[in-house]
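In: fold the following for me, if possible:
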Amino acid sequence: MGVDLESISEATSGAIGSLLSTTILYPLDTCKTKYQAEVQAHGQRKYRNLSDVLWEAVSTGQVRSLYQGLGTKNLQSFIAQFVYFYGYSYFKRLYLENSGSKSIGTKVNLILAAGAGACTAIVTQPLDTASSRMQTSAFGKSKGLWKTLTEGTLSDAFDGLGISLLLTSNPAIQYTVFDQLKQRLLKQKLKKADHDSSPVVLSAFTAFLLGAISKSIATFLTYPAIRCKVMIQAADPEDDDDDDDKTKRAQSKSRKTASGVVSAIWRREGILGFFKGLDAQITKTVLSSALLLMIKEKITATTWVLILAIRRSLLLRNGRLKNV
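Out: Okay, here's the model as predicted:
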């Protein structure tokens, strides 16, 4: 089987879009993650709202720390989106070729998207865990990627993998909703457009709007699991000799499992605790996904042309070498 150039084009466009959207929104992502990771203790909490995290960074002169872990997050995001978009595009093409169908139904689309998401979660989980720990570390005290990854056991690097696999339903829901809406709009455009080799794409505004709608739906349905994963992956309290910090560390260790996290949230915050930070999550993820999909749609045509040009150049070069 030859190289699937269309899948590579989709994956490259998605990865570049993810890289740009992640960088633009990273300070918001850091504030969101630190806010989600905090569990109310003794009826009090350090952060009462998302702006408290931002104010802490500003008041302590640690604004640059809002970018701690950016390199790791970008690496994780780029690899994750490349693997996801390649797998998703490849699985769809494989299904259409083997089934003989001309279109993909909603149920099959969900299964294919979930399969691509599972592959992505397994490949990128250590980077995802490291990124969360670096973001939730005290401002100015974040460790490097290598030290973060190697300070615990191998299993520690895969903290939250079970929930990450569960959360494959999030992008599955998101991209299924996006694709279904996108296909309906593109069918209308195809009827009006001339049949040529140039791919028909969505406008930037339309892609942004569809991305926002699809991500809002997915985020709302999966948020309790999202918060649990952040808490599992959060950095442990800073080492100290006093009893209070020892107690905090013991409690942190007990929350490194899904059952421990659920129990901690239920006991200290009640049912509403499972939705703490939902507004921040929706704001960040909707903007991020909408930007990602908008950028991806706008550069897909260019990426496809570049890949075809590189392929043609390589074929011509190989032909010349054979003639020598």
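In: any idea how far residue 293 is from residue 181?
Out: 11 Å (CB to CB, to the nearest Å). All C-beta atoms are positioned from the backbone trio N, CA, C, and that covers glycine.
In: more neighbours, the two?
Out: Shown here are residue 181 and residue 293; by other CB atoms under 10 Å, residue 293 has more neighbours (30 against 17).
In: chain neighbours aside, what residue packs nearest to residue 29?
Out: residue 284 (5.6 Å; CB to CB, 6 or more residues apart in numbering).
In: cool, and residue 177?
Out: Nearest non-adjacent residue to residue 177, counting by CB to CB, 6+ apart: residue 214, 3.9 Å away.
In: common neighbours of residue 181 and residue 293, please.
Out: Common contact partners of residue 181 and residue 293 (CB atoms under 8 Å, 6 or more residues apart in numbering): residue 210.
In: on that earlier part again, can you spell out which helices and strands pack onto whichever strand or helix holds the residue nearest to residue 29?
Out: Per DSSP states H and E: residue 284 is located in helix 278-323. The helices and strands touching helix 278-323, judged by 3 or more CB pairs under 8 Å, 6 or more residues apart in numbering; DSSP states H and E, are helix 5-24, helix 26-37, helix 204-233.
In: tell me which of these sits most buried.
Out: Highest mean neighbour count of those: helix 26-37, a mean of 23 (counted as mean count of other CB atoms under 10 Å).
In: hmm, who's touching the next helix or strand after that one?
Out: Using DSSP H and E, the helix or strand that follows helix 26-37 in sequence is helix 50-59. Residues outside helix 50-59 that contact it (CB under 8 Å, 6+ apart): 27, 30-32, 34-35, 46-47, 62-63, 65-66, 139, 277, 279-280.
In: repeat the analysis, applying 10 Å as the threshold.
Out: Outside helix 50-59, the residues that touch it by CB atoms under 10 Å, 6 or more residues apart in numbering are 27-28, 30-36, 38, 45-47, 49, 62-66, 138-140, 277, 279-281, 283-284.
In: list the buried residues in the helix or strand following that helix.
Out: Scanning forward in sequence from helix 50-59, with DSSP H and E defining helices and strands, the next element found is helix 70-99. Using 16 or more other CB atoms under 10 Å as the test for burial, helix 70-99 gives 70, 72-92.
In: same thing with stretch 290-304?
Out: Those would be 290-300, 303-304, for stretch 290-304 by 16+ other CB under 10 Å.
In: in CSV, list these along with pLDDT and distance to residue 313.
Out: Compiled in CSV, the buried residues of stretch 290-304 are given as follows (pLDDT from 0 to 100; distance: CB to CB, whole Å):
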residue, pLDDT, distance to residue 313
290, 73, 35
291, 80, 32
292, 76, 29
293, 73, 30
294, 77, 30
295, 78, 26
296, 76, 25
297, 75, 26
298, 77, 24
299, 79, 20
300, 76, 20
303, 77, 16
304, 76, 15
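In: among those, which one lies nearest to residue 269?
Out: If you rank these by distance to residue 269 using CB to CB, residue 290 comes first, at 29.7 Å.
In: contacting residues for that closest one?
Out: 21, 178, 207-216.
In: any idea how far the most centrally placed residue in the chain is from residue 309?
Out: Closest to where the C-alpha atoms of the chain average out (CA atoms, centre = their mean) is residue 77, at 6.2 Å. Separation of residue 77 from residue 309 (CB to CB): 27 Å.
In: repeat that for residue 227.
Out: Counting by CB to CB, the gap from residue 227 to residue 309 is 45 Å.
In: burial count for residue 284?
Out: For residue 284, the count of nearby residues is 22 (other CB under 10 Å).
In: let me know whether it touches residue 216 as I believe.
Out: No. Using CB atoms under 10 Å, residue 284 is not in contact with residue 216, being 11.8 Å away.
In: which stretches of the protein have low pLDDT?
Out: 1-4, 6-7, 40-44, 193-200, 237-255, 318-324 (pLDDT under 70).
In: if we go to 50?
Out: Along the chain, segments meeting pLDDT under 50 span 1, 239-243, 324.
In: in stretch 120-130, what's buried?
Out: Buried-residue list, stretch 120-130, by 16+ other CB under 10 Å: 120-121, 123-130.
In: wait, isn't residue 304 in contact with residue 13?
Out: Yes. With contacts counted by CB under 10 Å, residue 304 reaches residue 13, the gap being 8.4 Å.
In: now do the contacts for the residue nearest to residue 123 when sequence neighbours are not counted.
Out: Leaving out its chain neighbours, the residue that sits closest to residue 123 by CB to CB, 6+ apart is residue 83, at 5.5 Å. Residue 83 sits next to 11, 14-15, 116-117, 119-124 when contact means CB under 10 Å, 6+ apart.
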